[in-house]
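> what's the 3D shape of this:
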Amino acid sequence: MTKICIFGAGAIGGMMAHALHKAGAEVSLVARGPHLAAIQEKGLTFIKDGVSETIDVKASDNPADLGVQDYVIITLKAHSVPPIVDQFAPLLGPDTAIVSAVNGVPWWYFHKANSGTDLDEKPVETTDPGGAQWYAFGPERAIGCVVYPACEVTEPGVVLHRSGDRFTLGEPSGERTERAMALSRLLSAGGLRAPVKPRIRDELWIKLWGNCSFNPVSALTGASLDLIGADAACRTVIREMMTEARQVGEAIGARFTVGIERRIQGGADIIGHKPSTRHDVEAGRPMELDALVASVQELARRLDIPTPTLDTVSALVRMQGQVMGLYHRRPDLEAIIAGEYQPAD
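Residues are numbered from 1 along each chain as shown. Next up is the predicted model:
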């Protein structure tokens, strides 16, 4: 039986755990606080289309309780992972794969990227300070994952599905390896769509396109995606941010198969939805900014690509986060954004 640990069993982690359990995998969860206590006492409840199902899964706040896994799926916020990389050690055997179901430019991005730049085989400082994950995990363990569904934890131990069922997978090398295909089959058997794509970075950029533009604008304004898209001035800001981000992505080999106006409209068509960064503001949670916005700025600086609109909006939203106590500035990141810092090789 395939052993899979979900590290960070919140909303998306709970959805994946439910699917993998249904598929017959031996699923365990790393969680904490009231959510963990509820899962340990009552099981994990997943609600979709009005149907509620509770599964009994092993859960702990101590990874050492769970043992070596075939896959570890990380569903934490990107900034939460580097400080705790040592906690993953009990889960990792020689062949354990690590699936980063995390927003932003992932820590493994330049492993086997063949981008034609001097960024290849180097960590991304914004999302992986000091190469914490790169050196602790090893990029050869990584399987990419682009997350599309929307879910929320409505109460401890209960995950409510809102929309979507697709988790796109891909090896950094673009190969269709057995480990990627086996995980795809399990997720599919659990009722999800999990295609394995040869160019996973292209899909990462299409999602990042929205994250680096709509997210900070919504965080600042409190507006939902449809309101932002319907306002001519805000739409212009989003368009300029996406144009700058596309220049960065294309410089390292990404292909954008969707036009900017279509991508904007795809967000604007979702009525009443506010992206995760705005939810962070409203819930008083630490804001996920570095992976979504500063990562694009870092790559732009290292490639000498100007990003004036991204820089302006980023400065405002980071100040907002600082004033609200939801974002802590990193001196090294400030230097990167200012173009004054070169990460060590």
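> Okay, strands next: where are they in the protein?
Applying DSSP state E to the chain gives strands spanning 3-7, 26-30, 44-48, 51-55, 58-60, 69-74, 92-100, 142-147, 150-155, 158-163, 167-170.
> and residue 340, which of those is closest to it?
Closest to residue 340 of those, according to CB to CB: strand 92-100, at 28.8 Å. C-beta here means a position set from N, CA and C on the backbone, and glycine is covered the same way.
> what's next to the lengthiest helix in the chain, contact-wise?
Counting residues, the longest helix found in the chain (DSSP state H) is helix 232-251. With CB atoms under 8 Å, 6 or more residues apart in numbering as the test, helix 232-251 has contacts from 117, 205, 208-209, 212-214, 217, 221, 223, 227-229, 256, 260-261, 263-264, 268, 296, 299-300, 303, 305-310, 313.
> Buried ones in the helix or strand bottoming out on mean pLDDT in the chain, by neighbour count?
In the chain, the helix or strand scored least confidently by mean pLDDT, DSSP states H and E is helix 331-337, which has a mean of 86. Under the neighbour-count criterion of 16 or more other CB atoms under 10 Å, helix 331-337 has 333, 336-337 buried.
> packing partners for it?
helix 295-302 (3 or more CB pairs under 8 Å, 6 or more residues apart in numbering; DSSP states H and E).
> Just to check, residue 273 is in contact with residue 225?
Yes. Between residue 273 and residue 225 a contact is recorded at 5.2 Å, counting by CB atoms under 8 Å.
> So which of those two has more stuff around it?
residue 225 (25 against 16; other CB atoms under 10 Å).
> Find the nearest non-adjacent residue to that one, please.
residue 267 (4.4 Å; CB to CB, 6 or more residues apart in numbering).
> which residues of the stretch 201-345 of the chain score low on pLDDT?
Residues of the stretch 201-345 of the chain that meet the criterion pLDDT under 70 lie in 341-345.
> Show me the helices in it, by range?
Counting by DSSP state H, counting those that start in this stretch, the stretch 201-345 of the chain has helices at residues 214-221, 225-230, 232-251, 260-268, 276-283, 295-302, 308-323, 331-337.
> just the stretch 51-200 of the chain next, same as before
Using DSSP H, counting those that start in this stretch, helices in the stretch 51-200 of the chain cover 132-137, 178-189, 200-211.
> could those go into JSON lines alongside mean neighbour count and distance to residue 5?
Formatted as JSON lines, those follow (neighbours: other CB atoms under 10 Å; distance: least, CB to CB, whole Å):
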{"stretch": "helix 132-137", "mean neighbour count": "20", "distance to residue 5": "14"}
{"stretch": "helix 178-189", "mean neighbour count": "18", "distance to residue 5": "13"}
{"stretch": "helix 200-211", "mean neighbour count": "22", "distance to residue 5": "22"}
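> mind giving me TSV with these and columns for distance to residue 17?
Putting the helices of the stretch 51-200 of the chain into TSV (distance: least, CB to CB, whole Å) gives the following:
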stretch	distance to residue 17
helix 132-137	21
helix 178-189	11
helix 200-211	22
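> The strands of the chain: which one's closest to residue 185?
Per CB to CB, nearest to residue 185 of the strands of the chain: strand 167-170, 10.7 Å.
> quick one on the thing from earlier: buried stuff in the longest helix of the chain?
For helix 232-251, burial by neighbour count (16+ other CB under 10 Å) applies to 234-235, 237-242, 244-246, 248-249, 251.
> tell me the angle that helix makes with helix 308-323.
110 degrees (axes from the mean of the first three to the mean of the last three CA atoms, to 10 degrees).
> Quickly list the domain ranges of the protein.
Per automatic domain parsing, the structural domains of the chain span 3-198, 203-337.
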